[in-house]
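S.K.: give me a 3D structure for the following:
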Amino acid sequence: MLRRQRQPTDQEAQRLVALSSRVPGSTDLSIRKIDGREVVWVESKPTSKRGALTEDDGKRIALAARWAHGIKKPLVMVLSTSGAAIDDGIAALAGWGQAAKAVSDCSGIIPILAALVGPAVSGPALLLGLADYVVATSDSVAYLSGPTMVESFTAVPVSSRELGGAPIHAVKNGVIYEQVDTAQDAILAIESMLDYLPDSTDELPHRSAPNDEVERISPRLLEVIPASSTGSYDVRSIIKEILDQGDFYELRKFWAPHLVTGLGRLDGRVIGVLANQPMIMAGTLDIPSAQKGARFVRFCDAFNIPLLTIVDTPGFLPGKDVEWRGMIRHGAELAFAYASCTTPRICLITRKAYGGAYIVMDSKGMGNDLTLAWPSAEIAVMGSLGAVQILHRRATPDEQLNLQREYEATYLTPWIAAERGFVDEVIDPQLTRPILSRQLDLLMSKREFLRPSKHANSPL
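M.R.: Residues are numbered from 1 along each chain as shown. As a prediction, this is how the structure comes out:
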């Protein structure tokens with residue numbers, strides 16, 4: 001019979017940290033308090049060889065991860081390293097492997113937060129990809145293969161900043177969630193992020209004292225949706241009207257900006273928000289936005305954060321390039337994340353919800369707990385233009401125009417979906433906040449059975 005491993009006490013952790021400080025290396029390990037929250041802190045020091053990590057450094061990072069996992073406290077990694085120490089040989093690589101394994105074992109159990117305050121080169125840069133949240137100073141760089149190797153392989157000269165500067169990772173690939181000016185600002189950003197997170201997956205995020213009227217009505221939400229179905233608007237204006245005091249902590253703001261993700265509070269409760277952004281690319285879904293959304297959904301699920309999905313999307317981005325790069329697989333990645341999510345889930349359809357994109361944006365069929373819609377919602381297989389061109393391709397232009405109007409009046413409404421149970425309620429937009437708050441009160445006691453298999457084979 002398997003026995004559960006005994007969890008170490010805080011005093012034991014402190015003693016182990018003290019012992020680890022006697023091991024030589026360029027990495028410091030300690031238990032610190034950030035805004036009253038206890039965290040396991042590991043920091044690479046670029047005092048020798050630009051912070052090159054030896055075998056002992058790798059072991060120390062692994063030690064920090066294992067003890068953070070054991071005492072169920074967040075793990076904070078502050079990185080500034082030139083990579084594995086060359087003169088330490090294969091042992092340095094083995095040490096880093098131990099670190100990567102230990103950090104991976106923490107994933108989904110405790111929050112993993114990383115601050116990049118200098119370079120992160122080669123293998124150690126992958127630690128950024130394992131973290132739940134990464135903040136970087138504007139002068140930091142991270143890459144697996146350096147400029148010299150890139151130039152020798154491609155014959156194209158490139159600088160460190162062009163290859164892996166913080167702006168590149170914030171905009172091009174989403175490795176960095178937030179960019180700041182100084183190392184001190186990075187610590188403050190981690191403090192802000194921790195405010196929304198529990199110590200571990202075994203706890204709920206802290207509920208703060210409500211600082212906003214829960215029954216607050218928002219007349220401005222009546223004017224957000226443009227009269228034209230092709231008109232754009234900033235979905236953040238909806239999010240901020242719903243959340244307490246309009247406070248919204250947006251994550252990965254500059255990567256795939258046509259999908260907005262972030263954290264806030266509703267009646268003091270932490271809530272995750274994922275929303276299409278009609279202001280950019282009309283809110284269509286492509287590969288980066290599907291990856292961004294899937295990662296955020298799984299993050300919220302891991303740390304018991306209720307999820308609000310705001311839908312206004314005409315569909316997936318069409319094109320040969322996106323299909324060749326795996327739009328099917330990455331679209332399925334977003335669908336899979338929602339389907340396996342057990343945290344309370346509410347879907348709010350504000351305008352367009354078409355086709356496959358409607359499905360993967362946490363539709364009723366994906367198993368959400370509640371689907372709400374505004375009267376402006378358009379829930380259909382496709383828009384009127386595409387539908388008429390397929391169904392009435394031989395009609396004259398004038399006839400097609402009349403048929404489009406008829407299609408919009410008949411099908412592009414939330415009432416058919418509500419009649420068939422695919423929408424639970426069509427609500428007055430200005431009452432969105434109080435309705436969401438009341439529904440969230442009911443859903444917080446939700447329980448679901450976990451799947452019996454070792455793990456699912458998600459379409460990564």
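
S.K.: where are the low-confidence patches of this protein?
M.R.: Applying pLDDT under 70 to the chain picks out residues 1-26, 47-51, 83-88, 384-388, 450-454.

S.K.: and it, what are its domains?
M.R.: 10-194, 219-377+413-443 (automatic domain parsing).

S.K.: show me the strands in the stretch 351-460 of the chain, by range?
M.R.: 370-373, 378-380, 425-426 (DSSP state E, counting those that start in this stretch).

S.K.: what's the second one in contact with?
M.R.: Where contact means C-beta atoms under 8 Å, 6 or more residues apart in numbering, the residues beyond strand 378-380 that reach it are 229, 349, 351-354, 358, 373, 387, 408, 411-414, 416-417, 422-423. Every C-beta, even on glycine, is put in place using the N, C-alpha and C of the backbone.

S.K.: could the domains of the chain go into a markdown table alongside distance to residue 400 and mean neighbour count?
M.R.: Putting the domains of the chain into a markdown table (distance: least, C-beta to C-beta, whole Å; neighbours: other C-beta atoms under 10 Å) gives the following:
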| stretch | distance to residue 400 | mean neighbour count |
| --- | --- | --- |
| domain 10-194 | 41 | 19 |
| domain 219-377+413-443 | 16 | 20 |
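
S.K.: would CSV of those with distance to residue 458 be doable?
M.R.: Below are the domains of the chain laid out as CSV (distance: least, C-beta to C-beta, whole Å):
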stretch, distance to residue 458
domain 10-194, 13
domain 219-377+413-443, 5
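
S.K.: re earlier: any chance of the strands of the stretch 351-460 of the chain in JSON lines, plus distance to residue 339?
M.R.: Listed next are the strands of the stretch 351-460 of the chain as JSON lines, based on distance: least, C-beta to C-beta, whole Å:
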{"stretch": "strand 370-373", "distance to residue 339": "15"}
{"stretch": "strand 378-380", "distance to residue 339": "19"}
{"stretch": "strand 425-426", "distance to residue 339": "23"}
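
S.K.: and of these, who's closest to residue 280?
M.R.: strand 378-380 (19.2 Å; C-beta to C-beta).

S.K.: so what are the sheet partners of that closest one and their directions?
M.R.: strand 345-354 (parallel) (DSSP bridges).

S.K.: got the CA positions of the partner strand in PDB?
M.R.: Output in PDB follows, covering the C-alpha atoms of strand 345-354 (Å, rounded to 0.1, in the frame of the first residue of the first chain):
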ATOM      1  CA  ARG A 345     -17.400  28.900 -15.200                       C
ATOM      2  CA  ILE A 346     -19.700  31.600 -16.500                       C
ATOM      3  CA  CYS A 347     -20.000  32.500 -20.200                       C
ATOM      4  CA  LEU A 348     -21.400  36.000 -21.200                       C
ATOM      5  CA  ILE A 349     -22.200  36.500 -24.900                       C
ATOM      6  CA  THR A 350     -22.300  40.200 -25.700                       C
ATOM      7  CA  ARG A 351     -22.500  40.100 -29.500                       C
ATOM      8  CA  LYS A 352     -21.000  37.700 -32.100                       C
ATOM      9  CA  ALA A 353     -20.700  34.000 -31.300                       C
ATOM     10  CA  TYR A 354     -20.300  32.100 -34.500                       C
END
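
S.K.: and it, how far from the chain's centre?
M.R.: 19 Å (C-alpha atoms, centre = their mean, to the nearest Å).

S.K.: same question for stretch 353-373.
M.R.: Centroid separation between stretch 353-373 and its chain, computed with C-alpha atoms, centre = their mean, is 19 Å.

S.K.: and that stretch, end to end?
M.R.: End-to-end distance of stretch 353-373 (C-alpha to C-alpha, to the nearest Å): 10 Å.

S.K.: check which helix or strand covers the residue positioned nearest the centre of the chain.
M.R.: Centroid-nearest residue in the chain: residue 296, 2.5 Å away (criterion: C-alpha atoms, centre = their mean). Under the criterion of DSSP states H and E, residue 296 resides in helix 287-302.

S.K.: and after that helix, which helix or strand comes next?
M.R.: Following helix 287-302 toward the C-terminus (DSSP H and E): strand 307-313.

S.K.: what lies in contact with the next helix or strand after that next one?
M.R.: Using DSSP H and E, the helix or strand that follows strand 307-313 towards the C-terminus is helix 320-324. For helix 320-324, the external contacting residues (C-beta under 8 Å, 6+ apart) are 286-287, 316.

S.K.: after helix 320-324, which helix or strand is next?
M.R.: The helix or strand immediately downstream of helix 320-324 is helix 327-339, counting by DSSP H and E.

S.K.: from memory residue 180 sits against residue 187, does it?
M.R.: No. Judged on C-beta atoms under 8 Å, residue 180 makes no contact with residue 187 at a distance of 9.3 Å.

S.K.: give the contact list for residue 259.
M.R.: So residue 259 contacts 274-277, 283, 285, 289, 292-293 (C-beta under 8 Å, 6+ apart).

S.K.: need the max-distance pair from the residues you listed.
M.R.: Largest separation among the contacts of residue 259 by C-beta to C-beta: 283 and 292, giving 13.2 Å.

S.K.: so where do the helices sit in the stretch 51-200 of the chain?
M.R.: 55-71, 90-106, 126-130, 147-154, 160-164, 166-168, 183-194 (DSSP state H, counting those that start in this stretch).

S.K.: sorry, back to before: quick check: closest non-adjacent residue to the residue nearest to the centre of the chain.
M.R.: residue 261 (4.3 Å; C-beta to C-beta, 6 or more residues apart in numbering).

S.K.: what element comes up after the helix or strand hosting the one you found heading to the C-terminus?
M.R.: Residue 261 belongs to strand 259-266 when assigned by DSSP H and E. Downstream of strand 259-266, the first helix or strand assigned by DSSP H and E is strand 269-276.

S.K.: which residues are contacting that next one?
M.R.: 196-197, 205-207, 235, 238-239, 243, 248, 258-265, 283, 285, 293, 296-297, 299-300, 305-313, 361-362, 440, 444.

S.K.: try 6 Å this time
M.R.: Outside strand 269-276, the residues that touch it by C-beta atoms under 6 Å, 6 or more residues apart in numbering are 196, 205, 207, 235, 239, 260-263, 283, 293, 296, 300, 305-310, 312-313.
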